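Undergrad: Let's see this in three dimensions:
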Amino acid sequence: MTKNQKRKILITGGTGFIGSKLCLKLIELGFQLTVLSRKTNLKNRDSISYINDLDQIDFDFDIIINLSGAPISVRWSEKNQKEIYASRIDVTRKIVEKINQTKNPPSLFISGSAIGYYGTSESIVFNEKSLPTKENLFSQKLCQDWENEAKKAEDKTVVVRIRTGVVLGSKGGMIKKISPIFKLGLGGKIGSGNQILSWIHLDDAVAAIIHLIENQKISGAVNLTTPLAISNAEFTQVFAAILKKPAIFNAPALAMKLVYGQMAQELLLKGQKVYPRVLIDSGFSFQFADLKTALENIYTKT
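TA: Numbering: from 1, shown residues only. Here you go, the predicted model:
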C-alpha cells in the first residue's frame with residue numbers, strides 16, 4: 001500500500017490531452033480517482049471511476065484538479081466562443097460552490113487557466129507577478145474570468161491557478177496537428193514568425209502538477225511553461241530539422257486570419273514569453289527544457 005492509496009482526487013477534463021496522462025501517473029502513485037467526463041478512456045481499473053455530473057457524488061475529496069474546457073484551437077464563431085467560455089467558467093463555478101458548501105473541503109484545488117491571461121507581446125517577459133496587458137482580448141477575458149471563479153474558494157482551501165502554455169506531446173495538441181504537414185515538407189513559419197511560443201512538454205506538464213500536489217505550500221498563479229520560450233520561426237526550423245524536411249511554405253498572416261479569424265489573430269499570429277518563476281523557485285526540474293530535446297523525445301513517439 002502506498003502513502004496515497006486512500007487519498008481521493010476529483011479530476012475534471014481527465015480524459016483530455018493532459019488529463020489522460022495525468023490520470024495514469026496519479027493511479028501509478030496510488031491515488032483513487034473520480035473523473036468528470038462523458039468518456040471512459042481508462043477502463044477496467046480499480047483506482048478510477050467516472051461521473052458525468054458533479055451532483056452525482058458526495059463532495060468529499062482530498063484534492064480537486066480542474067482541467068475542463070472545450071477545444072480552443074478552432075475558428076471562434078459566436079457559438080464557439082460561448083461554448084469555450086461556458087465549458088470553463090460554469091464547471092469551475094460549480095466546483096467552487098461545492099467546495100464552499102462542504103464541511104470537509106479539499107486541502108488543494110488546482111484549477112486550469114492559460115498564459116493567454118497575460119495578453120501578447122514580443123518583448124515583455126511575463127512571470128506570475130506580471131500584470132496583464134490591456135488588449136481586451138477574448139483569450140484574456142476567458143482566463144481572467146476563469147481564474148476569478150477559482151479564487152472564490154480561497155477561504156476554504158489552497159487554490160493554485162495553472163497558466164498552461166502550448167503543450168507538446170505525441171498524441172495530441174499542436175504536434176498532432178502540424179506533424180502531417182511538416183512530414184510532407186509543407187511546413188513553415190506562421191506570419192512574421194516573430195511571435196513567441198511559450199511551450200511545455202506533456203511529461204513536464206504532468207510532472208509539474210504532481211509537484212504542486214506534493215508541495216502544498218505553493219498557492220496562487222503558477223506558469224506551466226519551459227523557461228526557454230522561442231519564436232515561431234525558431235520552432236519551425238528546429239522541428240523541420242528533426243524531421244529532416246524543408247520548411248519553406250510559410251503561412252501568410254492574411255490567409256490565417258481568413259481561415260481562423262480572431263483565433264488566429266490572438267493565438268497564432270501573436271504570442272507571449274512566459275517564465276515559470278514559481279516552479280523554478282520551488283525546486284521543480286524540467287526534463288525537457290529545450291525544444292530540440294523535447295521534440296526529439298516526442299518524435300520517437302509519433
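Undergrad: Where do the strands of this structure begin and end?
TA: For the chain, the strands defined by DSSP state E cover 8-12, 32-36, 48-51, 63-66, 108-114, 125-126, 158-164, 166-169, 172, 196-197, 199-201, 220-224, 230-231, 273-274.
Undergrad: Export the ones you listed as a markdown table, with columns for distance to Val96, mean pLDDT and mean neighbour count.
TA: Quick note: C-beta positions are derived from backbone N, CA and C, even for glycine. As requested, these are arranged in a markdown table below (distance: least, CB to CB, whole Å; pLDDT from 0 to 100; neighbours: other CB atoms under 10 Å):
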| stretch | distance to Val96 | mean pLDDT | mean neighbour count |
| --- | --- | --- | --- |
| strand 8-12 | 12 | 97 | 23 |
| strand 32-36 | 14 | 94 | 22 |
| strand 48-51 | 18 | 91 | 17 |
| strand 63-66 | 9 | 98 | 26 |
| strand 108-114 | 8 | 98 | 25 |
| strand 125-126 | 26 | 98 | 20 |
| strand 158-164 | 9 | 98 | 23 |
| strand 166-169 | 25 | 96 | 23 |
| strand 172 | 28 | 84 | 16 |
| strand 196-197 | 32 | 97 | 24 |
| strand 199-201 | 26 | 98 | 27 |
| strand 220-224 | 16 | 98 | 23 |
| strand 230-231 | 36 | 97 | 18 |
| strand 273-274 | 25 | 98 | 26 |
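Undergrad: Which one of the ones you listed lies nearest to Ile280?
TA: Among the strands of the chain, the nearest to Ile280 by CB to CB is strand 220-224 (9.6 Å).
Undergrad: Give the pairing partners of the closest one; include direction for each.
TA: strand 158-164 (parallel) (DSSP bridges).
Undergrad: and the angle for the partner strand with strand 108-114?
TA: In terms of direction (axes from the mean of the first three to the mean of the last three CA atoms, to 10 degrees), strand 158-164 departs from strand 108-114 by 20 degrees.
Undergrad: mind saving the C-alpha coords of strand 158-164 as CSV?
TA: Provided in CSV are the C-alpha atoms of strand 158-164 (Å, rounded to 0.1, in the frame of the first residue of the first chain):
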residue,chain,number,x,y,z
VAL,A,158,-5.4,26.3,-1.1
VAL,A,159,-6.1,27.4,-4.7
VAL,A,160,-3.5,27.0,-7.4
ARG,A,161,-4.2,28.5,-10.9
ILE,A,162,-2.1,26.8,-13.5
ARG,A,163,-1.4,29.0,-16.5
THR,A,164,-0.5,26.5,-19.2
